[in-house]
Structures are given as C-alpha cells and as structure tokens.
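>>> Fold the following.
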Amino acid sequence: HVRVVSGSVDGTLRVWSDAERWSCVAVLECNMLSVDHVVVVRSGACTGPTWVVSASESSLLAKGNALRVWDIKDWSCVVLLEGHTGPITCLSVVDDDAFASPRVVSGARDKTVRVWDVAAKSCVSVLEGHVRQVTCLAVASGRSCGKAALVVSSAGYDKMRVWNVAGRSTRVASSPRKIFIRSMTAMGDGGHDGAAVQLLSVSDDNTVQVWDTDTWSHVAVMPWRYQLQRRIVVVDRNGCGVPTHVVVTSYNKLSVLDMAGMRVAEWCGHTALVKDVALVSGADGRAAGRVLSASNDKTVRVWDVGSGACLDVIRFPDSLKQLVVLDAGKSGSPVRFAAVVGSDDWRGMHFVHVKCVGQESTCILGGVQGHAYDSVTAVGGGVSGCAAYLVSILRDGTVQVWDWERASCLHTFKEPVSWFQCA
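Predicted structure coming up:
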C-alpha cells in the first residue's frame with residue numbers, strides 16, 4: 001500500500017493510506033511547535049526496516065533541537081537523536097554503498113552538519129567549519145559510477161562546503177562573489193560512463209550557479225531576469241544521461257542555455273506570458289525527449305528538445321496556469337498531462353484538464369464546477385513514468401486526491417489552513 005507522511009505547523013505528523021481511501025491512519029505527536037522537515041529512510045534490504053525522521057526549526061520546546069525517528073511498523077517514536085544546539089534547518093538522506101546502514105545528514109543554526117546512523121540510533125560524525133548558520137543541504141550520490149556520495153552544505157553568505165562523508169574529507173567551494181545561497185539540488189547520480197554530478201544553486205542575487213562536483217569549478221553562472229517558480233527544466237540534448245542545457249521561460253519565449261550560461265537558442269511561438277514548463281523524457285529515459293510549455297495565450301506547445309522544433313500546439317478555452325506530466329509514455333502509451341486552466345486573476349476559478357498529446361479529447365476533473373486551484377502535482381509512477389494519482393490543492397485549504405485515469409476523486413481532505421504548494 002502507498003502511504004504519505006505529512007508534517008505540519010500544528011506540531012504533528014499525519015500518516016495517510018490509500019488502502020483506507022486516503023484517510024488518516026495515524027497522528028504522531030511530536031511535541032514541537034511545528035514539523036518542518038521529514039525524510040524516509042530505508043535499509044538496503046527490501047524486507048528491512050523503514051523509518052521516518054522528522055525535525056523542527058523551532059527550539060522553544062524541550063528537545064526541540066533533536067531529530068525524531070519513527071518506526072513505520074507501529075508508528076512509535078523509537079529514539080530522539082540529540083546533539084544539535086540550535087534549531088535544525090535542513091535534513092537529507094545519504095545513499096552510499098560504503099555504509100552498512102542508512103545515514104541521515106542534518107544542518108542547523110549551530111553552524112554544524114551532523115551525520116546520523118539511524119539503525120544504530122547515534123551520531124557518527126560532526127562536520128564543522130561553517131562560520132554561519134547552515135541553511136541548506138544537497139546530496140550527490142555517486143552510486144552509478146562507483147564514487148562516494150558527496151554532501152554539500154551552504155550557510156548563508158559563508159562558502160559552500162563539500163563533504164565526502166565516507167572518507168570524512170572536506171573541500172570548500174568558493175562562489176565568485178559574496179552571495180546568499182537559498183537552495184541547492186544535485187543533478188544526476190554520477191552520470192553516464194562516470195560523468196560528474198553537477199550541482200545547481202539558487203542565490204539571493206537572482207543567479208543560478210552550476211558546479212562540477214569533480215573539480216568544484218563553475219560550469220555556469222546564469223543571471224535570471226524572472227523569478228524562479230515552475231519555469232525551469234534541465235535537459236539532456238545529447239541523450240547520454242548527463243544534463244547539457246537549461247530551458248527557461250523568458251516572457252513569451254523559451255530560452256535554451258548551455259552549461260556555460262550562454263543562450264544557444266530561443267523557441268518562439270507563444271504570443272503571451274509563458275507560465276510553466278515541463279519535461280517529458282524519451283522512452284528509454286535517456287533520449288532527448290520533449291518540453292511542454294503553457295502560456296496565457298491559451299495554448300500548450302510541444303517542443304522537440306534536440307531540434308527545438310514545435311511539434312504540436314494544443315489549444316484550451318482559457319489561460320494556462322500550471323502543467324504536470326502524468327504519463328511520460330515510457331511504456332509506449334501516449335504522453336498525457338494535466339493543465340490548470342482558468343482566469344489569471346487571484347480570485348478566478350480554474351479547471352483541471354487531462355489531455356493526451358496528439359489527441360483532441362479532453363477530460364475535466366470534477367466536471368463543470370470550477371475551483372480556485374493553487375497547485376497540482378503527480379504522485380507515484382517511478383520507473384514506469386505513469387503517475388498513480390494527481391493531488392490538487394485549493395486556496396481554501398482543501399486537498400483532493402484523484403485517480404486521474406478514471407476522473408474519480410478518491411478522497412478530499414478539508415483542513416482549516418492555507419496551502420501554498422504541493423510537495
């Protein structure tokens with residue numbers, strides 16, 4: 001069965017199960033003001049134990065700086081992992097064959113990164129060197145090419161630090177100027193034929209930096225004229241499994257940048273603001289694939305990543321707000337996606353259309369009744385490339401879980417909160 005664990009500002013974890021029509025099957029009291037970080041940790045064996053680890057950025061309550069480890073068998077808290085002396089700001093899982101049991105890394109306002117052995121319920125390493133509060137973490141797995149996993153930590157205006165957790169070594173990655181890094185993500189898991197993992201960081205000065213994790217030199221420093229929300233995809237135009245270009249929105253166009261930050265192409269055709277882009281991988285997961293773009297001109301355009309040609313123009317009755325790919329077509333089925341269609345006004349009503357690329361028919365979830373949708377996301381799919389569910393969030397706090405293939409709403413959660421995005 002599929003289960004979802006959510007953390008909330010009410011200080012609890014809630015467990016939701018599809019076996020019970022997405023009802024809440026457990027409420028875990030964390031004795032915190034809020035639960036800000038949640039990760040799932042699995043042992044290597046399929047039948048081995050699985051834990052949920054939670055943390056809070058508030059230390060006003062006792063044990064507020066501790067990680068809580070929950071056993072999914074009975075949802076009991078099996079241990080408090082104590083050691084941080086400040087609120088925990090970030091949490092991630094390290095996937096590395098060098099470890100006999102799973103590792104979790106946490107960063108905190110005490111300027112340290114700690115490495116935890118969840119199975120042994122202990123801290124195995126304290127990574128020190130930052131002179132400011134740690135704000136974000138990224139983990140680059142080297143499993144596919146036999147390299148050690150790297151943990152990258154950032155601490156505000158401090159330099160980024162790169163940790164080989166297995167070898168307990170560290171390097172400092174210097175930015176070309178003093179900037180505050182807000183978020184980081186690793187691209188690839190070691191690459192094809194041992195190619196390097198690349199790290200993408202977003203900074204307060206509206207730049208995106210791309211780093212080569214072998215040399216920790218800059219591959220690109222890209223300025224952005226527009227806010228980064230849902231408007232960027234990283235693509236492989238060579239079909240070798242390594243990111244080669246970034247496709248971003250630029251008002252009514254899409255700009256293609258290489259990893260040196262140079263614009264190499266513009267894809268033109270939309271006549272109004274492009275609101276969202278989504279990537280559809282090829283049938284083998286490595287092919288160049290296609291990019292979908294949604295615009296206020298009431299169209300979705302389908303672009304060939306390799307040539308930049310517009311393959312199709314799909315028309316809708318109103319402006320487009322968001323796209324999400326539901327079926328990437330990896331099993332030979334047509335590519336299907338959901339689009340949030342409706343007024344661009346904050347108070348306007350929207351409809352979720354499920355469309356198949358290359359076909360005229362449209363399925364509207366919920367029929368003719370519009371809602372003020374804030375966000376939608378696809379859940380499940382894995383290697384099949386076909387998502388099992390679509391989850392939609394309304395501005396009034398309602399969350400809906402859809403069997404999108406049958407246009408059936410499986411469950412509706414009504415909570416007296418404001419929602420801003422799906423995770």
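
>>> going forward, measure contacts between C-alpha atoms and count neighbours the same way
Will do.

>>> Spatially nearest residue to residue 402 (excluding sequence neighbours)?
residue 409 (4.4 Å; Cα to Cα, 6 or more residues apart in numbering).

>>> which ones are touching the closest residue to residue 308 other than its chain neighbours?
Nearest residue to residue 308, sequence neighbours excluded (Cα to Cα, 6+ apart): residue 267, at 6.4 Å. Residues near residue 267 by Cα atoms under 8 Å, 6 or more residues apart in numbering: 253-256, 308-309.

>>> In strands, which of the residues you listed appear?
Judged by DSSP state E, strands contain the following of these: 253-256.

>>> Quick one: mean pLDDT for the host helix or strand of residue 354?
According to DSSP states H and E, residue 354 maps onto strand 350-356. For strand 350-356, mean pLDDT is 91.

>>> Who are the packing partners of that strand?
strand 336-342, strand 362-365 (3 or more Cα pairs under 8 Å, 6 or more residues apart in numbering; DSSP states H and E).

>>> Report the rounded mean pLDDT for the shortest one.
Which is strand 362-365. 88.

>>> now, among the ones in strands among the contacts of residue 267, which is nearest to residue 375?
residue 254 (22.1 Å; Cα to Cα).

>>> Nearest residue to that closest one in space, please, no chain neighbours.
residue 267 (5.1 Å).

>>> okay, that neighbour: pLDDT?
95.

>>> repeat for residue 222
Model confidence at residue 222, given as pLDDT, is 64.

>>> partners of residue 365 in the sheet?
Beta bridges link residue 365 to residue 352, judged by DSSP bridges.

>>> Quick check, it in contact with residue 352.
Yes - between residue 365 and residue 352 there is a contact under Cα atoms under 8 Å: 5.6 Å.

>>> Please identify which of those two sits among more neighbours.
Set residue 365 next to residue 352 and count neighbours by other Cα atoms under 10 Å: residue 352 wins out with 25 against 21.

>>> Next up, the contacts around the more buried one.
Residue 352 neighbours (Cα under 8 Å, 6+ apart): 338-341, 364-366.

>>> List only those of these flagged as buried.
Using 16 or more other Cα atoms under 10 Å as the burial test, these include 338-341, 364-365 as buried.

>>> Residue 232 contacts residue 245, doesn't it?
No - Residue 232 sits out of contact with residue 245 when judged by Cα under 8 Å, with a separation of 10.6 Å.

>>> Of those two, which one has the most company?
Set side by side, residue 232 and residue 245 show more neighbours around residue 245, with 22 against 17, by other Cα under 10 Å.

>>> pLDDT at that one, what is it?
Residue 245 carries a pLDDT value of 84.

>>> Spatially, what comes nearest to it if we skip its sequence neighbours?
Counting by Cα to Cα, 6+ apart, the residue nearest residue 245 is residue 258, at 4.5 Å.

>>> And residue 244, by the same measure?
Residue 244 sits nearest to residue 236 (Cα to Cα, 6+ apart), 5.1 Å away.

>>> Now do the one you found, the pLDDT please.
pLDDT recorded at residue 236 is 76.

>>> again, but for the one 4 residues further on
The per-residue pLDDT reported for residue 240 equals 63.

>>> Name the residues of stretch 82-94 that are buried.
Neighbour-count burial for stretch 82-94 [16+ other Cα under 10 Å]: 84-94.

>>> Endpoint to endpoint, it covers what distance?
19 Å (Cα to Cα, to the nearest Å).

>>> For that stretch, which outside residues touch it?
Counting by Cα under 8 Å, 6+ apart, 37-41, 55-59, 63-67, 102-110, 112, 114, 123, 134-139, 141, 149, 151 sit against stretch 82-94.

>>> And residue 14, how far from residue 40?
14 Å.

>>> Residue 232 too?
The value you get for residue 232 to residue 40, if Cα to Cα is used, is 27 Å.

>>> and what of residue 209?
For residue 209 relative to residue 40 (Cα to Cα), the value is 28 Å.

>>> One more: residue 25?
Note on residue 25: its distance to residue 40, by Cα to Cα, is 17 Å.

>>> More neighbours: which of those two?
A count of neighbours by other Cα under 10 Å puts residue 40 above the other of residue 25 and residue 40, at 16 against 13.

>>> so what's that one up against?
50-53, 93.

>>> Where does it sit, in terms of helix or strand?
Going by DSSP H and E, residue 40 is in strand 37-42.

>>> What's the mean pLDDT across that strand?
Confidence for strand 37-42, expressed as mean pLDDT, is 89.

>>> After it, which helix or strand is next? Please name it.
The helix or strand immediately downstream of strand 37-42 is strand 50-55, counting by DSSP H and E.

>>> tell me what that next one is packed against?
strand 37-42, strand 67-71.

>>> Tell me the buried residues in the last one?
Pointing back at strand 67-71 there. 67-70.
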